[in-house]
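Enquirer: Just the structure for this:
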Amino acid sequence: MQFHIRCKSFPFIVQIMSVRDEYNERFAFVVDWFDHAAGLVRKYQLLYYPKDSQIEMFDIKNRRTFLKKCEYPSVALKDIYIGATISIYSRQLKVVEFSDDYTKNALSPKQEKTLAIVKPDSYAHLGKIMDAIAAAGLTIGDARMVKLTPDQTEEFYEELRGNQMFSKVINFVSSDAITCLSIVGDGSIARWNELCGPADPNEARSQSPQSLRAAFGTDNIQNAVHASADSQAAVRELEFFFGAGSSRFAQTAVLDNCTLGIVKPHALAQGLGGKILDDILTRGFEISALQLFREDRANIEEFLEVYKEVVPEYNDMVSQLLEGTMLVMEIRAEDAVASFREFVGPSDPAICRVLRPHTLRAKYGHDKIRNAIHCTDLPEDGGLEVEYFFRILQQK
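Expert: Sure thing, here's the model as predicted:
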């Protein structure tokens, strides 16, 4: 059965198969792409066919096909949600709205967002907590490590003002860095609260022994993680940490005795981010700054420029970092560049598995391009690479 659809965001008619036919089901989104050369935002309709991971795109303004229907397995339906940035053939596309009612009705409940905070007492368990989120089938849509001032912490916890624990909560949460995560998924608010367990870790250990607070919490103040209570709280709290005013928070990168680590897009897409972080922390390295980045080609080429005339895989290296979201970290240790590079292992995972089987690339890499981790190679570049992501790109 065929039919025509027309929507206000996509004013020309596209003939497609019925979306209610399970063999031809498709979902439609409006996406924005910033054209740096022209200095303007271009809008497209993106159609996604989950049965065979096919996509096609239409140029809304010019009313014509932009990308013919083709398989694109590196983008999954869980990656396409309102506010997400996805990469298609090296173009960073921001998903801004659903393009038809069928997509909105089918996917809105499955793309609920909530806020998670890994509190100072659970810093050492950050990787395990992120892994638990992935294991629950939820997606981390954004992440950043921040250091709140007491005033900022009071603003966030305003609803607790007057509570006898208020001052203790403020002192504790502002005492050190926290990691804020935007979680996306079907019923994410309820599921994340269930994963956290009761606010009192002692109660959690008796009622929900598998929960995060049961595993990592100490008391009502040092209880490992924060979860948004309901949908209204989730909207407000996500805006607080990831909205327009989020640049006011202090940067946690120190640019001293440091090196850069990047969990590459392919490893994040496979849900390996938490496991990799846990290995890094267990090995004794300090993760002093962390943030998810999605960058355009110009910035990635600028970052990797040192490899351009040296490494034959340069173009493939650029393409890999453009494929999706990167988890970027400032890693600190004594002789940080050399010690972390040794832990990451040689660039070719096949060599790692033979000569250095306990390295990160041996455990999580596939080939020289999809080798799970980028690390700084030269001692003099450690601070420079960290500065590029955590200072220079923040100012662009």
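Enquirer: Pass me the low-pLDDT residue ranges in the protein, would you?
Expert: Counting by pLDDT under 70, the chain contains low-confidence ranges at 1-23.
Enquirer: which strands and helices sit next to the longest helix seen in it?
Expert: Scanning the chain for the longest helix, with DSSP state H as the assignment, gives helix 231-242. Helices and strands touching helix 231-242, by 3 or more C-beta pairs under 8 Å, 6 or more residues apart in numbering; DSSP states H and E, are strand 112-118, strand 139-146, helix 150-156, strand 178-185. Every C-beta, even on glycine, is put in place using the N, C-alpha and C of the backbone.
Enquirer: 7 Å instead, please
Expert: Other elements packing on helix 231-242 under the criterion 3 or more C-beta pairs under 7 Å, 6 or more residues apart in numbering; DSSP states H and E are strand 112-118, strand 178-185.
Enquirer: Mean neighbour count added to those strands, as CSV?
Expert: Converted to CSV, these look like this (neighbours: other C-beta atoms under 10 Å):
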stretch, mean neighbour count
strand 112-118, 24
strand 178-185, 24
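Enquirer: where along the stretch 251-396 of the chain do the helices fall?
Expert: When secondary structure is read from DSSP state H, counting those that start in this stretch, the stretch 251-396 of the chain shows helices at 265-269, 273-282, 297-303, 314-322, 336-344, 349-355, 360-364, 382-387, 393-395.
Enquirer: in the fourth one, what's buried?
Expert: This means helix 314-322. Buried residues in helix 314-322, counted by 16 or more other C-beta atoms under 10 Å: 314, 317-322.
Enquirer: residues making contact with the longest helix of the chain?
Expert: The contact list for helix 231-242 (C-beta atoms under 7 Å, 6 or more residues apart in numbering) reads 113-115, 142, 156, 180, 182, 189, 228.
Enquirer: could these be laid out in CSV, adding distance to residue 252?
Expert: Converted to CSV, the contacts of helix 231-242 look like this (distance: C-beta to C-beta, whole Å):
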residue, distance to residue 252
113, 23
114, 23
115, 18
142, 16
156, 17
180, 11
182, 18
189, 27
228, 22
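Enquirer: Just the closest of these to residue 291, please.
Expert: Using C-beta to C-beta, residue 142 comes nearest to residue 291 of the contacts of helix 231-242, at 8.6 Å.
Enquirer: What about residue 267, how many residues nearby?
Expert: For residue 267, the count of nearby residues is 23 (other C-beta atoms under 10 Å).
Enquirer: tell me the phi and psi of the closest residue in space to it that isn't next to it in sequence?
Expert: Counting by C-beta to C-beta, 6 or more residues apart in numbering, residue 267 lies nearest to residue 372, which is 4.4 Å off, once chain neighbours are set aside. Dihedral pair for residue 372: phi 80, psi -40, per degrees, to the nearest 10.
Enquirer: got it, and the one 5 residues further on?
Expert: Main-chain torsions, residue 377, degrees, to the nearest 10: phi -90, psi -40.
Enquirer: Dig out what residue 67 forms beta bridges with.
Expert: For residue 67, the beta-bridge partners under DSSP bridges are residue 57.
Enquirer: Counting neighbours, what do you get for it?
Expert: Residues lying near residue 67 (other C-beta under 10 Å) number 17.
Enquirer: Do I have it right that it meets residue 56?
Expert: Yes - using C-beta atoms under 7 Å, residue 67 makes contact with residue 56 at a distance of 5.7 Å.
Enquirer: quick one on the thing from earlier: just the buried residues of helix 314-322 now: which is nearest residue 35?
Expert: Nearest to residue 35 among the buried residues of helix 314-322, counting by C-beta to C-beta, is residue 322 at 15.7 Å.
Enquirer: related to what we said a few turns ago, as JSON lines, the helices and strands packed on helix 231-242 with distance to residue 37 would be great.
Expert: Output for the helices and strands packed on helix 231-242, formatted as JSON lines (distance: least, C-beta to C-beta, whole Å):
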{"stretch": "strand 112-118", "distance to residue 37": "33"}
{"stretch": "strand 178-185", "distance to residue 37": "31"}
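Enquirer: for those, which one sits closest to residue 337?
Expert: For residue 337, the closest of those is strand 178-185, at 23.6 Å, according to C-beta to C-beta.
Enquirer: In which helix or strand does residue 86 reside?
Expert: Assigned by DSSP states H and E, residue 86 belongs to strand 85-88.
Enquirer: residues contacting the nearest residue to residue 364 once chain neighbours are set aside?
Expert: With C-beta to C-beta, 6+ apart as the criterion, residue 364 has its nearest non-adjacent residue at 3.8 Å, and that residue is residue 372. Shown in contact with residue 372 (C-beta under 7 Å, 6+ apart): 263-264, 267, 272, 276, 360-361, 364-365.
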